[in-house]
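Trainee: Could you work out the structure for the sequence below:
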Amino acid sequence: MSNITDPNIVQYYPLGDAAIVLQFGDEISKDINAMILNVAAWLDEYTFEGFVEYVPAFTSITIYYEPWVVRYSEVLSMLKEMIEDMEENENPEPPGTVTIPVYYGGASGPDLNHVADFHQMSVDEVIAMHTQPEYLVYMIGFAPGFPYLGGMDERLATPRQESPRAKVPKGSVGIAGSQTGVYPLETPGGWQVIGQTPLELFDLSKEEPALLRAGQKIRFSPITEEEFLKIKADHGH
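Mentor: I've put the predicted structure just below:
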């Protein structure tokens, strides 16, 4: 893994007058993700006066602050000092793997057959290939609680829908290009929907509304339609 203390790795630049971006190169990788999580863990433990929030992304983390409380130059100096002092072995303890049950196909996965046909595979092969990896949550975005995942088998890479759907049901599991993800809410979308999970990925009634967070690992587990309906009923939705 690259040494996070190397000043050549991290670039700093302002975003408006109330945020600073730390850019860790331009390649999506587990190493860069670990560096970003290092910064996030530090900010969780050592917030500074005027700190508002941070937003991790694939290759960067943006830190928002109150410019009337703390100046950009002060935040920049603080973050540079933190990066220089940070050791590689300070990586936060990775959270446990979350299993996401998915009912593949049927009305819950209207594009499963298309994905199978596109790759000249059987439906069972697509499901097996999709459930085999352990996926890394690189970031949360697009919609509240939407996980951008790394680790999908490249043989499943499929172009987006030519015409996005006006409504994609919450819990829908989709593929777009070389990525896979789960819709936490009903939103418009153009991903190829291959299944649906009965789990709530975003629930405002909970102290932590999002089920997943950056740095977490997940696995998809196939379930039957009967199991899907039972889990939905057990969770009261």
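Trainee: Need the three-state assignment for residue 49.
Mentor: For residue 49, the assignment made with DSSP: H, G, I helix; E, B strand; the rest coil gives coil.
Trainee: And it, how far from residue 85?
Mentor: 19 Å (CB to CB, to the nearest Å). (C-beta placed from N, C-alpha, C; glycine too.)
Trainee: Repeat that for residue 129.
Mentor: From residue 129 to residue 85 the distance is 43 Å (CB to CB).
Trainee: out of these two, which sits in the busier spot?
Mentor: residue 129 (15 against 10; other CB atoms under 10 Å).
Trainee: That one and residue 153 touch, don't they?
Mentor: Yes. Using CB atoms under 8 Å, residue 129 is in contact with residue 153, at 5.0 Å.
Trainee: Tell me the first helix or strand C-terminal of the helix ranked longest in the chain.
Mentor: If you go by DSSP state H, the chain has its longest helix at helix 30-45. Under the assignment DSSP states H and E, the closest C-terminal helix or strand after helix 30-45 is strand 51-56.
Trainee: Report the angle between that next one and helix 30-45.
Mentor: Between the axes of strand 51-56 and helix 30-45, defined by axes from the mean of the first three to the mean of the last three CA atoms, to 10 degrees, the angle is 160 degrees.
Trainee: If you rank every helix and strand of this structure by mean pLDDT, what lands last?
Mentor: helix 30-45 (a mean of 83; mean pLDDT, DSSP states H and E).
Trainee: same for it, what does it pack against?
Mentor: If contacts are counted by 3 or more CB pairs under 8 Å, 6 or more residues apart in numbering; DSSP states H and E, helix 30-45 sits against strand 51-56, strand 60-65, helix 72-85, strand 135-140.
Trainee: swap the cut-off to 7 Å and go again
Mentor: For helix 30-45, the elements it packs on are strand 51-56, strand 60-65, strand 135-140, judged by 3 or more CB pairs under 7 Å, 6 or more residues apart in numbering; DSSP states H and E.
Trainee: on contacts alone, who are the packing partners of whatever helix or strand comes next after the last one?
Mentor: Just to be clear, that refers to strand 135-140. Remark: after strand 135-140, the chain's next helix or strand is strand 147-150, criterion DSSP H and E. On a contact count with 3+ CB pairs under 7 Å, 6+ apart, strand 147-150 meets strand 135-140, strand 179-182.
Trainee: Pull out the buried positions in strand 147-150.
Mentor: For strand 147-150, the neighbour count (16 or more other CB atoms under 10 Å) marks 147-150 as buried.
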